[in-house]
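Student: One predicted model, sequence on top.
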Amino acid sequence: MASNHTENYGLCQWEATDQVLREEFNEDNAKIDEALVGIQAANHYIKLKEIVTDHAARQIDLDVSDIDFSQYLKIELFIYSPGCTGNIWMQTNNLTTGYHQVQISGGGSGTPEYSQYLALIQPNNYGVLLFYTPYPDSLVGCVSITSNGSSSFSGYQYTAPCTWSQLDTLNFKPWETALPVSTKITLYGIKA
């Protein structure tokens, strides 16, 4: 039987002369399991999906059909594409028309234009893509702010021709060449 216990969780600590009991190990494991569940429940920043390519690809589809976006306050997307030299288009549900964009910097008029994509991601990871709050009946939308790596930047607002509840896939296509091996796309959500 343990003669000492840890301060925070009361886990057993044995002296050299203590008899070790299986029941104490089982009790400690139950305490650890309960504590880990509590930590997981308190973590609101969750990795929802991730894909890493093992070959060059002209298109990468991230299946999100099993995600209930209404459970999240914020959705974030990160793309790492080493060696990619051209822009990457992001589309939804393989739709190629019906997107809207409005320039929000660089002297843009704010007049909506039609586009073939939900976002245009710059090479060299110069930029950020911020999704709007994923309300089920709202159009999937985002703000993209990109830079050329020096003093120039531009920003656009985009909306897709589908709502968050209709969203099944995010599709990524390079402007010119294939997306290279080891392209990594990760989707995170912040729980409501």
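Tutor: Alright, I've got the coordinates.

Student: for the longest strand along the chain, what is the average pLDDT?
Tutor: In the chain, with assignment by DSSP state E, the single longest strand is strand 153-163. The predicted model assigns strand 153-163 a mean pLDDT of 87.

Student: Now do that strand: everything it contacts.
Tutor: Strand 153-163 has contacts (Cβ atoms under 8 Å, 6 or more residues apart in numbering) with 91-93, 95, 97-106, 115, 117-120, 136-147, 167. Quick note: C-beta positions are derived from backbone N, CA and C, even for glycine.

Student: Just checking: what are the partner strands of it?
Tutor: Using DSSP bridges, the strands paired with strand 153-163 are strand 99-103 (antiparallel), strand 139-147 (antiparallel).

Student: I'd like the distance from the shortest one to the chain centre, please.
Tutor: Averaged C-alpha coordinates place strand 99-103 at 22 Å from its chain's average position (Cα atoms, centre = their mean, to the nearest Å).

Student: Now do the buried residues in it.
Tutor: Residues Tyr99, His100, Gln101, Val102, Gln103 are the ones in strand 99-103 that count as buried (16 or more other Cβ atoms under 10 Å).

Student: Do you know the pLDDT at the second one?
Tutor: What that stands for is His100. Looking at His100, its pLDDT stands at 90.

Student: still on that earlier bit, just put the buried residues of strand 99-103 in TSV and tack on distance to Trp14.
Tutor: Rendered in TSV, the data for those read as follows (distance: Cβ to Cβ, whole Å):
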residue	distance to Trp14
Tyr99	64
His100	66
Gln101	65
Val102	66
Gln103	67
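
Student: so which two of these are the farthest from each other?
Tutor: Using Cβ to Cβ, the buried residues of strand 99-103 span at most 14.0 Å, a distance reached by Tyr99 and Gln103.

Student: Tell me the gap between the longest strand of the chain and the middle of its chain.
Tutor: Worked out by Cα atoms, centre = their mean, strand 153-163 lies 17 Å from the chain centre.

Student: and if you look at stretch 178-185?
Tutor: The chain centre lies 16 Å from the centre of stretch 178-185; the measure is Cα atoms, centre = their mean.

Student: same thing with stretch 31-46?
Tutor: Using Cα atoms, centre = their mean, the offset of stretch 31-46 from its chain centre is 20 Å.

Student: what helix or strand does Phe25 sit in?
Tutor: If you go by DSSP states H and E, Phe25 is part of helix 22-42.

Student: And that helix, how far out from the chain middle?
Tutor: 29 Å.

Student: List the buried residues in that helix.
Tutor: Within helix 22-42, the residues that qualify as buried are Glu24, Asp28, counting by 16+ other Cβ under 10 Å.

Student: any idea of the angle whichever helix or strand comes after it forms with helix 22-42?
Tutor: Once the chain leaves helix 22-42, the next helix or strand it forms, by DSSP H and E, is strand 45-52. Counting by axes from the mean of the first three to the mean of the last three Cα atoms, to 10 degrees, strand 45-52 lies at 90 degrees to helix 22-42.
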